[in-house]
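Chemist: compute the structure for the input listed below.
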Amino acid sequence: IKLCKTDYAFIINPDVKFYENTMHELISLSLKYNNYSILAPISDNTQYPNYKIKEKKIRNDDPDFLDVDSVDGYAMLINKNKFNDNVFFDENFFLYLENDDLCLRKKKENNKIYIAKKAKIHHLGGKSHSINHEKEIEFSRNWHWMWSKFYFNKKHYGYLYSFFKSFPILVLSFLKFFI
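Modeler: Residues are numbered from 1 along each chain as shown. Below is the predicted model of the structure:
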């Protein structure tokens, strides 16, 4: 992202499919509302939205965008102009929660994170690897998820909070491994 010569960087996973107008809608909205730090297309899977809103009310009724607290990292447009410190993803994360950390840091700075309501995507979810490696991927996923969760909690809430939040999960993971 730092080497990107444009004011915007689009982050996308390999298991995401676009609708015909997705990029047009993102660019159009980006030009119309350039006060955001992160803009994401909306997932077509309404059962698993790609955003979180802490307050259970919609913050606006704008037909173009939804003001949210965080977005999933599989598709996001980053407005580099809103990153004065030039710090994007924390490299201590691997695979999980780096997007939650990025969004939380931007929200603490009172930056906007939007979902583009008309820019739809389809995320296949976990389909970026071969089915032949499913077992190895699952073990790796569990390890990296736990490490990221511990690091995220430690970074934002302190070591003791992180330890007590993570320890039961660690014990259950060992039991699962041995059983």
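
Chemist: so residue 75 makes contact with residue 16?
Modeler: Yes. Under the criterion of CB atoms under 8 Å, residue 75 makes contact with residue 16 at 5.3 Å. Placement of C-beta: from N, CA and C, glycine included.

Chemist: between the two, who's got more neighbours?
Modeler: Legend: neighbour count by other CB atoms under 10 Å for residue 75 and residue 16, higher for residue 75 (23 against 19).

Chemist: in the protein, what spans have low per-residue confidence?
Modeler: Residue ranges of the chain with pLDDT under 70: 56-60, 126-135, 137, 139, 177.

Chemist: could you point out the longest helix of it?
Modeler: Across the chain, the longest stretch assigned as helix under DSSP state H is helix 134-157.

Chemist: what is that one packed up against?
Modeler: When contacts are defined as 3 or more CB pairs under 8 Å, 6 or more residues apart in numbering; DSSP states H and E, helix 134-157 packs onto helix 98-108, helix 159-178.

Chemist: which residues are contacting it?
Modeler: With CB atoms under 8 Å, 6 or more residues apart in numbering as the test, helix 134-157 has contacts from 90, 92-98, 100-101, 104, 129, 161-163, 165-166, 169-170, 173.
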